[in-house]
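1. Just a sequence and a predicted model for now, questions to come.
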Amino acid sequence: MRLRTVVLVLSLLAFLSASTGGYLYYFYLKQSSLAEAGKDSASRAQAIKDRLVSFLHEQQRPVRALAGLQEIQKALSDPNEHTVADANRILDHFNDALGTNVCYLMNVSGETIASSNRLAPDSFVGKNFAFRPYFRRALKGFPATRMALGTASGRRGVYYSYPVYKSGYSNPIGVVVIKAPIEPLEKEL
């Protein structure tokens with residue numbers, strides 16, 4: 001009877017040891033896997049963020065170049081038929097060359113005075129976009145990038161804005177905007 005008890009106790013101890021060891025091994029593997037997945041997710045998220053920031057930053061360059069052109073500055077400082085026509089020609093050129101949705105120019109009150117879509121039914125000319133965050137930020141002297149649904153066109157896009165300065169002035173005289181399609185950004189994501 002004693003031998004049976006000793007064998008039974010030893011069997012129970014062996015079972016408990018194996019069960020505890022198995023549970024601890026499983027718990028360690030689970031924690032290790034979760035930590036590895038967390039590191040991998042953080043690394044992937046950072047890589048996506050870096051690519052996205054780089055993509056958006058690169059797209060800011062054309063709108064900056066556009067804001068520095070004399071034709072754009074003249075259309076804002078002396079808006080007449082000739083200067084606005086020159087600005088429209090430049091906006092058309094940038095729109096065609098970049099393959100964007102629309103390029104447009106707004107005065108300090110937010111009214112669009114020139115646009116590459118001026119002949120379209122959903123033309124931006126005469127429309128006021130002073131409520132848009134990308135306009136307000138650019139009017140404060142900072143470039144802006146904003147993803148939004150167009151109020152005039154009803155289409156999603158990425159809006160890149162940049163302040164336009166007149167030589168010798170410290171305050172912007174207007175804002176130039178390039179609205180790009182959102183599909184390249186979605187592909188990047």
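-> Yep, that arrived. Numbering: from 1, shown residues only.
2. Counting by contacts, list what the longest helix along the chain packs against.
-> The residue-count maximum for a helix in the chain (DSSP state H) belongs to helix 2-67. Here helix 2-67 is seen to pack against helix 81-98, strand 144-149, strand 156-164, strand 174-180, helix 183-188 when contacts are counted using 3 or more C-beta pairs under 8 Å, 6 or more residues apart in numbering; DSSP states H and E. Quick note: C-beta positions are derived from backbone N, CA and C, even for glycine.
3. Check the offset of the first one from the chain's centre.
-> Pointing back at helix 81-98 there. Put simply, helix 81-98 sits 25 Å off its chain's centre (C-alpha atoms, centre = their mean, to the nearest Å).
4. which residues are contacting that helix?
-> 62, 66, 69, 71-72, 74-75, 100-105, 113-116, 118, 178, 180 (C-beta atoms under 8 Å, 6 or more residues apart in numbering).
5. Downstream of it, the next helix or strand is which one?
-> strand 102-107 (DSSP states H and E).
6. Paired strands for that next one, with orientation please.
-> strand 112-115 (antiparallel), strand 174-180 (antiparallel) (DSSP bridges).
7. I'd like to know which of the ones you listed is closest to residue 54.
-> strand 174-180 (15.2 Å; C-beta to C-beta).
8. which residues touch the closest one?
-> Contacts of strand 174-180 (C-beta under 8 Å, 6+ apart): 59, 62-63, 66-67, 72, 76, 94-95, 98, 100-108, 113, 129, 134-135, 138-139, 150, 157-164.
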